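S.K.: pasting the sequence and the predicted model now:
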Amino acid sequence: MPLLAAIKDWFSWFPGDSVATGLKWFLVWALLVVGFIGTFLPILPGTTLIWAGSLVYYFAFGMEKSHLGWPSLVAITLLWIASIVVDMVSGALGAKKFGSSKWGIWGAIVGGLVGLAFGLPGIIIGPIAGVFVAEMALAKKELKPAANSTFGTVVGGLAGILGKVALALGMVAWFVADVFWLNPAE
């Protein structure tokens, strides 16, 4: 079984003493890394993947044997919830800050939902187009104020991405600190 030996050798750099342990570590790190990358891409649920990686570690290595304490798991969960809130409100807050009406905010929400059907371009363009169309057609704003509200949506969305990246960094840092420094393996 040279293939099995090669797999075992490849996983030998993971902490632990078996291929199963190596596979668990691989899954955890894959979720953490892909999750962090996903905070930059609207198509991937970045912080949700990081949170899932923490849960996989906690349960796959056994709650008693896991080096991730439950207080840290609660903290990572709270950071995950905060990232969802930031993601949901950042575009609307940006639009509001730049003078959007209620119609514009609802336009961003509806545009975002419609944009989901069109993949990555729709996810990006949908809320922007939604604000602009709602401001022009429903709020009866002129071009410049409607464009201002639309710009606010873009600024808010970018601020939301930065907020999610900061929260994702916090989640990963908390995980690494608790697993490897605060509660290192014996």
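M.R.: Looks like it came in fine.
S.K.: longest helix in this structure, by residue count?
M.R.: Counting residues, the longest helix found in the chain (DSSP state H) is helix 143-176.
S.K.: buried residues in that one?
M.R.: 145-157, 159-161, 163-165, 167-168, 170-172, 174-175 (16 or more other C-beta atoms under 10 Å). Using the backbone N, CA and C atoms, a C-beta is placed for each residue, glycine as well.
S.K.: so where's the chain uncertain?
M.R.: Residues of the chain meeting the criterion pLDDT under 70: 1-19, 62-66, 182-186.
S.K.: which residues of it fall in helices?
M.R.: All helices of the chain, identified by DSSP H, fall at 2-10, 19-38, 46-60, 70-97, 102-115, 119-133, 143-176.
S.K.: pull the distance from the fourth one to the chain's centre.
M.R.: In this view, helix 70-97 has its centroid 9 Å away from the chain centroid, taken as C-alpha atoms, centre = their mean, to the nearest Å.
S.K.: one more: the second one?
M.R.: The offset between the C-alpha centroid of helix 19-38 and the centroid of the whole chain comes to 16 Å, using C-alpha atoms, centre = their mean.
S.K.: got the buried residues for it?
M.R.: Neighbour counts over helix 19-38 (16+ other C-beta under 10 Å) mark 19, 22, 24, 25, 28, 31, 32, 34, 35, 36, 38 as buried.
S.K.: helices or strands next to it in the packing?
M.R.: If you count contacts as 3 or more C-beta pairs under 8 Å, 6 or more residues apart in numbering; DSSP states H and E, helix 19-38 packs onto helix 2-10, helix 46-60, helix 143-176.
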